[in-house]
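**Q** need the 3D shape of this:
(one chain, ligands or ions: 1)
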Amino acid sequence: MKDTLKAKPPRLLGSNAKTLKSRGTGALVASHQLAPATESVPHGGVHMCAEASAGCAAACLKNAGMNVMPTHSNARVRRTLWWVRDPVSYHAQLNKELRAHKRKADRLDLEAWARPNTLSDQPGMAIQAATDNPDIGFYDYTKRLKWWAKHKDRKPENYFVVLSRSESNHERWLRMMRTGEWVGAVVFDGPMPDTYLGFPVVDGTKDDSVWLSPPGTIRGLQLIGTNKAKQAARESGFAVKTGE
Ligand code: SF4
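**A** Model prediction:
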């Protein structure tokens, strides 16, 4: 991978199967994929998910579908190294692509949305992108609950954040959900339940339009990935078993 890492990645924004589903709700979603957790570290990068748990790192979407391909991993690492080493030029390019995304959404008569942390958990990067582009909606799933508990006033109006539960943040997640201010996300292993710990569950696999879910509800996600990844997510307690 070493030689190819020297070049800048061709594009910063793309789409994936999940974000494409949001077209049905009238939204065109751009997906921004950096290298999750420690993926870029052997190449000189940094840990991109400060509050990741062992279970979420194992069940991360990087282990599902096309994301497992070396070409995809290479592109994620190249973007991450660029962002770490030269954030000013990186954000200039990101803004250029976001402007093109907005123009395309306008042409298609769709709302422009972007998911800056599709495979990372960097609130500062997302806040900057949302602040620079106030006419685009942004959203992310995050496990940075300690960070958001301290900095929720920094969230721009056009940035929607969903709190993801894991085996290591469960108690804090529950406390924040009980304030009624947030939408949550839980990964289920088995049939989608109607409720979880008293919160209504909406099927979050049908689209990625999280901003349509009211505060106090949970986006239910299904455990996916390789058999090894799913086993690790089960054993760690990251995925919540249902249907027993
Ligand atoms: S925090 Fe999200 S992106 Fe990071 S390792 Fe966990 S599931 Fe993957």
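**Q** and Trp83, how many neighbours?
**A** 25 (other C-beta atoms under 10 Å). From N, CA and C alone the C-beta is placed, and that goes for glycine too.
**Q** dihedrals phi and psi, it?
**A** phi -60, psi -40 (degrees, to the nearest 10).
**Q** was I right about it contacting Met125?
**A** Yes - when contacts are counted by C-beta atoms under 8 Å, Trp83 is listed as touching Met125 (7.0 Å).
**Q** show me what counts as buried in the worst-scoring helix or strand of the chain on mean pLDDT.
**A** Every helix and strand of the chain was ranked by mean pLDDT, DSSP states H and E. The lowest is helix 17-20, at a mean of 80. Within helix 17-20, the residues that qualify as buried are Lys18, Thr19, counting by 16 or more other C-beta atoms under 10 Å.
**Q** before we move on, what about stretch 82-98?
**A** So stretch 82-98, judged by 16+ other C-beta under 10 Å, has buried residues Trp82, Trp83, Val84, Tyr90, His91, Gln93, Leu94, Glu97, Leu98.
**Q** now Trp147: closest residue in space, sequence neighbours ignored.
**A** Pro123 (5.9 Å; C-beta to C-beta, 6 or more residues apart in numbering).
**Q** that older thread, take the buried residues of stretch 82-98 and lay them out in CSV including pLDDT.
**A** As requested, the buried residues of stretch 82-98 are exported to CSV (pLDDT from 0 to 100):
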residue, pLDDT
Trp82, 96
Trp83, 97
Val84, 97
Tyr90, 97
His91, 98
Gln93, 97
Leu94, 98
Glu97, 98
Leu98, 98
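**Q** quick one: which of the residues you listed is nearest the ligand?
**A** Nearest to the ligand among the buried residues of stretch 82-98: Trp83, at 14.6 Å, using C-beta to the nearest ligand atom.
**Q** give me the element the nearest residue to the closest one once chain neighbours are set aside is part of.
**A** Spatial nearest neighbour of Trp83, chain neighbours left out: Tyr90 (4.5 Å); criterion: C-beta to C-beta, 6+ apart. Here Tyr90, judged by DSSP states H and E, is contained in helix 87-107.
**Q** listing partners with orientation, what would you give for the host helix or strand of Ala185?
**A** Element membership for Ala185, per DSSP H and E: strand 183-189. Applying DSSP bridges, strand 183-189 is found paired with strand 159-164 (parallel), strand 218-222 (parallel), strand 240-241 (parallel).
**Q** nearest to the ligand, out of these?
**A** In terms of C-beta to the nearest ligand atom, the element of the strands paired with strand 183-189 nearest to the ligand is strand 159-164, at 6.9 Å.
**Q** wait, Pro156 touches Ala129, no?
**A** No - Pro156 is beyond contact range of Ala129, at 9.5 Å (criterion: C-beta under 8 Å).
**Q** and for these two, which residues touch both?
**A** Phe138 (C-beta atoms under 8 Å, 6 or more residues apart in numbering).
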